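**Student:** Predicted structure and sequence below. I'll ask about it afterward.
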Amino acid sequence: MSKWFSFFNSKQKVVEKTRLENVPNHIAIIMDGNGRWASKKGLPRIAGHKEGMTVVQKIVRAAVKHEVKILTLYAFSTENWKRPKPEVDFLMKLPKEFSHIYLPEMIENNVKIDTIGEFDKLPNHTKDAINHAKEKTKNNDGLLLNFALNYGSRYEIMRAIKHVALDLDNGKMNIENLNEEVFSNYLYTNKMQDPDLLIRTSGEQRLSNFLLWQLAYAEFWFTDVLWPDFNEEIFEQALFDYQSRKRRYGGI
Ligand code: FPP
């Protein structure tokens, strides 16, 4: 552990002001541990989500600096509706608050904002805030900041199967033409390239119904750090670790 720490620390000094090479094109993050962070401090769970929002911006800045192409953040799962209503209501207001504070910086940094998930079922005020951010950033071609909101991967796959079945039925597609690439286009992620690296915070090591199809060949990186304590240095540790991985995609 200490060996790795000194390795990371010495490397971090080198890259403090510079961009890293060979960064993953697409990074997906399960931002976990907001509630535990708040409980440890004797605060309500929503304080953890609020702090978590500020960390989103820090990591967006780091991703822009290292020229990551896509950052997909798991912000609200289809299972999160089971949480107490005040917590859900708070989470649904975060996109507006995020936009209010950070949208000018996003625009300046050439960040394009998008979402994956069942968008139509979000509250109107949430949709309005997100649509505004999407509209204001639609011509940007830097980092694609992709929020997974009301997202569930099994639902996404099932929904794609239904659309494929419809297209087969109405003659828009021939069964011989169905392959993995074509099927991918029916997912929310559509033509987006698959994540190269998945990061999950808070010590949990599971996928929680996140990007099950898309993460087939991704490298996984876990940390015990709770999301509100996550920062650029830890993000860079994940990037260093990714650089040392040998991706074989089933080959040798
Ligand atoms: C999981 O931690 C986190 C969430 C369900 C919400 C994540 C949302 C943010 C970090 C803010 C997103 C910002 C925008 C702009 C949408 P948890 O609550 O499950 O933590 P716990 O496991 O410790 O209880």
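**Tutor:** Thanks, I have it. The model shown is predicted, which means the values in this text are computed figures rather than measured ones.

**Student:** From here on, just use CA atoms for contacts and neighbour counts.
**Tutor:** Noted.

**Student:** What residues does the stretch 1-150 of the chain have near the ligand?
**Tutor:** Residues of the stretch 1-150 of the chain lying close to the ligand by Cα under 6 Å from any ligand atom are 31-36, 49, 52-53, 75-76, 94-95, 98.

**Student:** Those residues into TSV, with extra columns for neighbour count and secondary structure?
**Tutor:** Below are these laid out as TSV (neighbours: other Cα atoms under 10 Å; DSSP: H, G, I helix; E, B strand; the rest coil):
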residue	neighbour count	secondary structure
M31	23	coil
D32	23	coil
G33	24	coil
N34	23	helix
G35	19	helix
R36	18	helix
H49	25	helix
G52	24	helix
M53	21	helix
A75	25	strand
F76	20	strand
L94	17	helix
P95	20	helix
F98	18	helix
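
**Student:** Residues contacting the helix or strand encompassing Q237, please?
**Tutor:** Assigned by DSSP states H and E, Q237 belongs to helix 232-244. If you take Cα atoms under 8 Å, 6 or more residues apart in numbering as the criterion, helix 232-244 is touched by 8, 12, 22-24, 58-59, 62, 197, 199, 219, 221.

**Student:** What strand or helix carries the nearest residue to F220 once chain neighbours are set aside?
**Tutor:** Nearest residue to F220, sequence neighbours excluded (Cα to Cα, 6 or more residues apart in numbering): L198, at 4.8 Å. Assigned by DSSP H and E, L198 belongs to strand 197-200.

**Student:** Would it be right to say that V164 lies in a helix?
**Tutor:** Yes. According to DSSP: H, G, I helix; E, B strand; the rest coil, V164 belongs to a helix.

**Student:** right, and it touches Y186 too?
**Tutor:** Yes. In this structure, V164 is within contact of Y186 by Cα atoms under 8 Å, at 7.4 Å.

**Student:** which helices and strands does the strand holding L198 pack with?
**Tutor:** Other elements packing on strand 197-200 under the criterion 3 or more Cα pairs under 8 Å, 6 or more residues apart in numbering; DSSP states H and E are strand 26-30, strand 219-222.

**Student:** pLDDT averaged over that strand - what is it?
**Tutor:** For strand 197-200, the mean pLDDT works out to 98.

**Student:** Stretch 172-188 now?
**Tutor:** Rounded mean pLDDT across stretch 172-188 is 97.

**Student:** cool, stretch 209-218 as well?
**Tutor:** 98.

**Student:** Could you do stretch 67-75 as well?
**Tutor:** Across stretch 67-75, the average pLDDT comes to 98.

**Student:** Contacts made by that stretch with the rest, please.
**Tutor:** Contacts to stretch 67-75, defined as Cα under 8 Å, 6+ apart, come from residues 19, 23-31, 60, 63, 142-149, 151, 210.

**Student:** what about 7 Å?
**Tutor:** 23-31, 142-149 (Cα atoms under 7 Å, 6 or more residues apart in numbering).

**Student:** Backbone dihedrals for the residue of the chain most remote from its centre, please?
**Tutor:** In the chain, G171 marks the outermost C-alpha relative to the chain mean, sitting 35.1 Å out by Cα atoms, centre = their mean. Backbone geometry at G171, expressed as degrees, to the nearest 10, gives phi 80, psi 10.

**Student:** Can you pull out the low-pLDDT segments for this protein?
**Tutor:** Applying pLDDT under 70 to the chain picks out residues 1-18.

**Student:** what sits opposite the residue nearest in space to the middle of it in the beta ladder?
**Tutor:** Central residue of the chain (Cα atoms, centre = their mean): L73, 1.9 Å from the mean position. Assessed by DSSP bridges, L73 has beta-bridge partners I29, F147.

**Student:** coming back round to it: quick one: the residue farthest from the centre of the chain from E181, how far?
**Tutor:** 19 Å (Cα to Cα, to the nearest Å).

**Student:** With P228 instead?
**Tutor:** With distances taken as Cα to Cα, P228 is found 36 Å from E181.
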